[in-house]
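K.L.:
Okay, here's the prediction I keep looking at, along with the sequence it came from:
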Amino acid sequence: MIINQFMWGFQPHFQVALEASAKSALDSIGVVLAPVALLIGFEEEPGGHEICVEPEGAGIDPATLDNCLAEGDAKYDSHRDRRMRMSDPGLHASYHANLRDRCRAETIADALASVGNAEPRHWIVGLSARVDRYRVYPVIGVLRGKWDALPTLAHRESDHRVEMFLSLQESVIREVLRRASSALSTSGQPLDIPYSDSDEVVRRATKNFIDCLVYFKGGFMGGGLDSAMNLIAAQPYEGRAGAGTMLMAKRDECSISLEFTNPISLKSTRAVRKALEMTSGELHLVTDGTVAIGLGALVDNYESEDETAFLLRVLGRAYWELQHAGVPLLAVSDGHATVPRERLSRETFRDAVLRLFGSSGDGDRLWALALAAADQAHGTMLVVHADAESEASRLAPPAMRVEPSVLEDSTLSAVSAIDGAVVVDPSGRCHGVGVILDGRARSTMGDASRGARYNSAHRYLAEATRPCLIIIVSEDGMIDLIPELPRRIKKSQVNAVLSEVESLSKRDPVDFRQFFKREQHLRSLSFYLTAEQCDRANAARRRVEDYRELAAKRSGEGALRVSYDAYKPNPQLDNSVFLPE
């Protein structure tokens with residue numbers, strides 16, 4: 001077989017746009033999966049090459065895909081819906097063409113998964129479209145290890161009319177692929193992919209994911225639960241921000257303690273918000289995704305493996321989560337969904353304590369205090385200071401000094417109810433409460449979009465003369481740990497990426513796509529580059545631009561040079577950011 005990548009003129013531009021679209025959408029929901037995009041074409045008219053893969057340097061041998069179409073057709077022939085008949089001939093033909101295409105896409109994904117790779121990937125294949133002489137499938141691959149670590153459901157229920165998604169991240173990728181398939185079917189030009197509109201991709205993907213859950217797990221005719229929840233979470237009650245829980249489950253999975261004579265439509269925002277005030281602890285507002293039928297709880301013998309009961313938690317102003325068996329599947333803030341992350345990473349926290357306070361820091365005790373602070377229903381701030389006693393004295397009054405003691409959770413909740421921060425030493429003993437942090441306002445500190453608590457903490461930290469760690473719990477549930485220390489990596493990792501960039505810059509001809517892919521990786525590590533390494537990185541980029549300029553002149557295109565930001569050493573770089581080899 002001849003390996004060739006040419007299908008149509010815009011294919012490299014389309015592939016780049018598809019990859020950018022996937023990255024932008026996944027970044028928008030807060031996950032880093034290093035997506036790569038492929039375009040796989042199967043020739044339908046003779047005269048070219050049987051199978052093409054774009055990009056050519058993706059490490060996919062077209063021979064791997066030789067039998068995919070035949071295997072997909074066999075899968076279609078044995079599919080349970082193969083005999084499904086529609087009364088309308090056009091609808092019948094469209095349904096079965098789509099079913100066959102989905103079977104083929106599954107076999108392509110299986111074939112790609114069998115390809116050995118230093119970085120194993122999970123592949124998702126979209127529906128195909130005819131472009132010139134080729135049947136083209138858009139494909140997105142993500143790092144399998146990172147993908148498997150994300151929250152997801154385990155069981156995919158199928159229906160011949162509705163496709164179910166197991167997670168928000170899967171729904172996002174499917175939405176990107178759907179748009180790519182639509183663009184391919186019209187012209188195959190990259191401008192047809194709205195890769196810059198990640199917010200719209202996420203909005204549509206969120207709706208698709210939640211609508212599928214309602215369809216399969218709640219009310220068959222349900223829809224619009226995401227919009228209803230956004231309005232309910234944003235609706236105050238007597239001046240208070242939203243808070244409460246809704247249980248979406250089958251009727252026989254719920255123990256109803258109070259049933260409404262007239263179920264409340266979830267579109268009746270004020271009525272539902274009022275009903276949420278009655279929820280507490282294990283008592284939830286029971287719903288099928290369309291109406292609230294009363295107050296109740298999940299039965300004791302519910303099997304979480306069934307994946308049929310879901311908790312909708314309104315946690316603050318315009319903020320809510322969808323959970324299953326205690327695991328958040330998505331979080332929505334001001335209408336934008338993200339994949340929930342651990343509110344406070346123990347590993348990150350302990351690393352920060354060690355780097356700031358060394359052996360004097362009691363990581364376990366401080367972690368317990370941090371968790372207690374994070375569980376407060378109201379905003380609070382916990383300041384860990386290397387010289388907490390002196391700071392509490394310096395800032396009093398209005399701060400109240402206390403005899404050094406370890407705080408219980410209930411005590412922390414009580415003292416954090418008043419204005420000001422709680423100051424503790426690295427061993428976890430409290431020295432002051434109601435502390436108002438000082439510090440001069442500086443244009444480079446803080447974030448204008450955040451509240452006073454967050455910005456005052458940054459101003460205070462900027463003038464602190466001793467090590468200090470601040471845990472901020474905002475009233476909207478957001479948790480920040482400052483300073484946000486750069487993650488620690490090995491020097492060998494940085495050296496390996498830099499060496500690869502240098503090697504790619506010296507090739508003739510230069511593979512621009514491969515060079516800039518690796519150089520983008522190096523850019524993400526720029527904080528860790530020494531002055532000498534910055535010089536090497538800048539020299540590599542100059543070689544590539546010199547090559548580009550010379551190649552353009554030889555081809556008669558004139559001088560062509562792309563501007564770029566030079567690498568500069570970071571003055572904050574020190575050995576504390578590097579892990580031992």
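P.N.:
In hand now; what should we look at? Numbering: from 1, shown residues only.
K.L.:
Just list the residues touching the closest residue in space to Cys468 that isn't next to it in sequence, thanks.
P.N.:
Of all residues not flanking Cys468 in the chain, His385 sits nearest, at 5.0 Å (CB to CB, 6 or more residues apart in numbering). Where you see a C-beta, it was placed from the backbone N, CA and C, and this is true even at glycine. Residues in contact with His385 (CB atoms under 8 Å, 6 or more residues apart in numbering) are 391, 423-425, 464, 466-468.
K.L.:
which of these lies closest to Leu412?
P.N.:
Leu412 has its nearest neighbour among the contacts of His385 in Val424, at 9.6 Å by CB to CB.
K.L.:
tell me the phi and psi of that closest one?
P.N.:
Taking degrees, to the nearest 10, you get phi -130, psi 160 for the backbone angles of Val424.
K.L.:
I'd like the distance between it and Glu549.
P.N.:
Remark: distance between Val424 and Glu549 (CB to CB, to the nearest Å) = 59 Å.
K.L.:
now do Tyr134
P.N.:
Tyr134 is 35 Å from Glu549, where distance means CB to CB.
K.L.:
ok, now Ser114?
P.N.:
43 Å.
K.L.:
Spell out, range by range, the strands that occur in the stretch 1-150 of the chain.
P.N.:
All strands of the stretch 1-150 of the chain, identified by DSSP state E, counting those that start in this stretch, fall at 36-43, 51-54, 121-125, 129-131, 134-143.
K.L.:
Out of those strands, the one nearest Arg541 is which?
P.N.:
Comparing the strands of the stretch 1-150 of the chain by CB to CB, strand 36-43 comes nearest, at 22.9 Å.
K.L.:
same question for the closest one, mean pLDDT?
P.N.:
The predicted model gives strand 36-43 an average pLDDT of 94.
K.L.:
in the stretch 51-200 of the chain, which segments are predicted with low confidence?
P.N.:
Regions of the stretch 51-200 of the chain meeting the criterion pLDDT under 70 cover residues 57, 117-118, 159-161, 188-196.
K.L.:
before we move on, back to that, which of Val424 and Glu549 has more neighbours?
P.N.:
Neighbours per residue (other CB atoms under 10 Å) separate Val424 from Glu549, with Val424 holding more: 27 against 15.
K.L.:
That one reaches Leu382, doesn't it?
P.N.:
Yes: between Val424 and Leu382 there is a contact at 6.8 Å, judged by CB atoms under 8 Å.
K.L.:
Common neighbours of these two, please.
P.N.:
Joint contacts of Val424 and Leu382 (CB under 8 Å, 6+ apart) are Leu369.
K.L.:
elements contacting the strand or helix carrying Gln520?
P.N.:
Per DSSP states H and E, Gln520 falls inside helix 512-524. Under the contact definition 3 or more CB pairs under 8 Å, 6 or more residues apart in numbering; DSSP states H and E, helix 512-524 sits against helix 491-505, helix 531-554.
K.L.:
which residues are in contact with the lengthiest strand in the chain?
P.N.:
Longest strand in the chain by number of residues (criterion: DSSP state E): strand 254-265. Strand 254-265 is contacted from outside by 247, 271-272, 275, 278, 283, 286, 290-299, using CB under 8 Å, 6+ apart.
K.L.:
Can I get it as PDB, trimmed to CA atoms?
P.N.:
Extracted in PDB, the C-alpha atoms of strand 254-265 (Å, rounded to 0.1, in the frame of the first residue of the first chain):
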ATOM      1  CA  CYS A 254     -36.700   6.800  47.300                       C
ATOM      2  CA  SER A 255     -38.300   6.900  50.700                       C
ATOM      3  CA  ILE A 256     -40.800   9.800  50.400                       C
ATOM      4  CA  SER A 257     -41.500  11.500  53.800                       C
ATOM      5  CA  LEU A 258     -43.500  14.400  52.400                       C
ATOM      6  CA  GLU A 259     -45.300  14.200  49.000                       C
ATOM      7  CA  PHE A 260     -46.600  17.300  47.300                       C
ATOM      8  CA  THR A 261     -50.300  17.100  46.200                       C
ATOM      9  CA  ASN A 262     -49.300  19.100  43.100                       C
ATOM     10  CA  PRO A 263     -45.700  18.400  41.900                       C
ATOM     11  CA  ILE A 264     -43.600  21.500  41.300                       C
ATOM     12  CA  SER A 265     -42.300  22.000  37.800                       C
END
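K.L.:
is it true that Ala566 lies in a strand?
P.N.:
No: counting by DSSP: H, G, I helix; E, B strand; the rest coil, Ala566 is not part of a strand but coil.
K.L.:
Can you give me the neighbour number for the residue nearest to it when sequence neighbours are not counted?
P.N.:
Leaving out its chain neighbours, the residue that sits closest to Ala566 by CB to CB, 6+ apart is Asn538, at 5.2 Å. Per other CB under 10 Å, the neighbour tally for Asn538 reads 15.
K.L.:
Correct me if wrong: Asn538 contacts Asp565.
P.N.:
No: contact criterion CB under 8 Å: Asn538 and Asp565 do not qualify, at 9.9 Å.
K.L.:
Around Ala205, how many other residues sit close by?
P.N.:
By other CB under 10 Å, the residues close to Ala205 number 26.
K.L.:
do the same with the one 10 residues further on
P.N.:
The tally of other residues near Tyr215 (other CB under 10 Å) stands at 19.
K.L.:
tell me the contacts of the closest residue to it other than its chain neighbours?
P.N.:
Distance criterion CB to CB, 6+ apart; nearest residue to Tyr215, sequence neighbours excluded, is Val162 at 5.6 Å. The neighbours of Val162, taking CB under 8 Å, 6+ apart as the test, are 212, 215-216.
K.L.:
Can you get me a residue count around Leu529?
P.N.:
22.
K.L.:
pretty sure it contacts Val497?
P.N.:
No: with contacts counted by CB under 8 Å, Leu529 stays clear of Val497, the gap being 10.0 Å.
K.L.:
What pLDDT does the model give Phe260?
P.N.:
96.
K.L.:
if I look at it, how far off is Leu225?
P.N.:
Taking CB to CB, one finds Phe260 at 18 Å from Leu225.
K.L.:
which residue sits closest to Asp419, ignoring its sequence neighbours?
P.N.:
Per CB to CB, 6+ apart, closest to Asp419 is Gly434, 6.4 Å.
K.L.:
Look up how far Ile293 lies from the one you found.
P.N.:
45 Å.
K.L.:
need the next SSE after the host helix or strand of Gly434, C-terminal direction.
P.N.:
Element membership for Gly434 (DSSP H and E) is strand 429-435. Sequence order places helix 452-463 as the next helix or strand after strand 429-435, per DSSP H and E.
K.L.:
Tell me if I'm right that Met164 and Ser171 touch.
P.N.:
No: contact criterion CB under 8 Å: Met164 and Ser171 do not qualify, at 9.6 Å.
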